[in-house]
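Engineer: Let's see this in three dimensions:
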Amino acid sequence: MLDSTFLRVLSGPALALLVFVVGCNLGTSLGREDAGPEGPIVLTCVDPSECTADIPECSFGVCKRPCAANDGCNDPNTFCNPAVGYCEAGCRDSSTCSEGKVCSSGACIESQGCATKCDCDVGLVCVSGACQDPPAGCDGPEQCPKAPGAECEDFACNGFTHLCFDPDPESCTANADCIGRLGCTGGCTCTGNGTCVPEVACTAQNESTTCGVGNYCDGNGACQTLPACTADTQCTSLGLTCNIPAQQCQRPRACPNGQSDCTVAPATHCAATGFCAQPLCNNGGITCQTYQTCAADGRCVNQGPGGACTADAT
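Structural biologist: Numbers count the residues shown, from 1 in each chain. So this is what the prediction gives:
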């Protein structure tokens, strides 16, 4: 408490100022919300129940919104930080940075090349500060090329097929609308139904760029729609495997570096086709014993009538 003699000495404006300062320091709490005038709202928490539906998870004392890509963040002043899987305050692309700066991991930094694929031309990705062609397979959206139009990060990565795809493709009305789209690296024609069709013959190796998502190259240079399946046997004649969760045939992962590229079971063998496959006796993945033969389905089966025995002589 303040001394009463001291208060009697003060009068007029001086006393009013003291009361205001004390009130600010001793007044009631304004709540757990702490928001700057221009940044995103920050809610501190000790439990998820203190968070809102828009930012529902409590992480290290702060309410956060989980995300897989920038479009999962509602606040335009936030970006999806892939290192933590949450929306965080910062820039999404270089369009919001001042001249001479680029957006890198949510911060505007001095330009030394590209920071993200948004700084590159359509169809390219940013790797170690340089714009270059995207890899044949992807492990995340940053390895998918820059999309045409206003949203540079439209293209996503399919975690099962490791192929880039457009989750919300637009219909075309002219050939020029196909420039920069997935599967149109060598040029595309806009068909009457508003679909971009590649002008170049496809191969199993380039089908991800020439045919696009949901299609495969049939071995005759033509793109076909990936058929539905519930088992590998429905896809093997096409050189494909069955993605059972998605119930769709898919091209196995390419293995240009050999066995080291094939680490996801059951496709742990790099076949002569250049793609990962299940190790079988008809693709060189396993070798049958001398008393076995290789069946058409790739299994090693015992030779002979298969009757019961108790010793080698029988």
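
Engineer: Kindly list the main-chain dihedrals of Ala156?
Structural biologist: phi -110, psi 170 (degrees, to the nearest 10).

Engineer: residue contacts, it?
Structural biologist: 69, 141, 144, 164-167 (Cβ atoms under 8 Å, 6 or more residues apart in numbering). (Each C-beta comes from the backbone N, C-alpha and C, glycine too.)

Engineer: Of those residues, select the buried ones using a PyMOL command.
Structural biologist: Here is the PyMOL command that selects only those of the contacts of Ala156 that count as buried (16 or more other Cβ atoms under 10 Å):
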select buried, resi 69+141+144+164+165+166
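
Engineer: Dump the contacts of Ala156 into JSON lines; add secondary structure, pLDDT and distance to Gly285 as well.
Structural biologist: What follows is the contacts of Ala156, written out as JSON lines (DSSP: H, G, I helix; E, B strand; the rest coil; pLDDT from 0 to 100; distance: Cβ to Cβ, whole Å):
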{"residue": "Ala69", "secondary structure": "coil", "pLDDT": "80", "distance to Gly285": "36"}
{"residue": "Pro141", "secondary structure": "helix", "pLDDT": "85", "distance to Gly285": "32"}
{"residue": "Cys144", "secondary structure": "coil", "pLDDT": "88", "distance to Gly285": "31"}
{"residue": "Cys164", "secondary structure": "strand", "pLDDT": "84", "distance to Gly285": "29"}
{"residue": "Phe165", "secondary structure": "strand", "pLDDT": "81", "distance to Gly285": "29"}
{"residue": "Asp166", "secondary structure": "coil", "pLDDT": "80", "distance to Gly285": "35"}
{"residue": "Pro167", "secondary structure": "coil", "pLDDT": "78", "distance to Gly285": "35"}
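
Engineer: Show me which of the contacts of Ala156 is closest to Cys178.
Structural biologist: For these, the closest approach to Cys178 (Cβ to Cβ) belongs to Asp166, at 11.8 Å.

Engineer: Contact partners for the closest one?
Structural biologist: Contacts for Asp166 (Cβ under 8 Å, 6+ apart) come out as 147, 154-156, 181-182, 212-213.

Engineer: Turn these into CSV, including distance to Gly137.
Structural biologist: Converted to CSV, the contacts of Asp166 look like this (distance: Cβ to Cβ, whole Å):
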residue, distance to Gly137
Ala147, 18
Asp154, 19
Phe155, 14
Ala156, 14
Arg181, 19
Leu182, 13
Gly212, 15
Val213, 13
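
Engineer: from the residues you listed, which single one is nearest Ala174?
Structural biologist: Distance to Ala174, by Cβ to Cβ, is smallest for Arg181 among the contacts of Asp166, at 12.6 Å.

Engineer: Redo the contacts of Ala156 as CSV? Include distance to Ser128.
Structural biologist: What follows is these, written out as CSV (distance: Cβ to Cβ, whole Å):
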residue, distance to Ser128
Ala69, 21
Pro141, 17
Cys144, 17
Cys164, 20
Phe165, 25
Asp166, 26
Pro167, 27
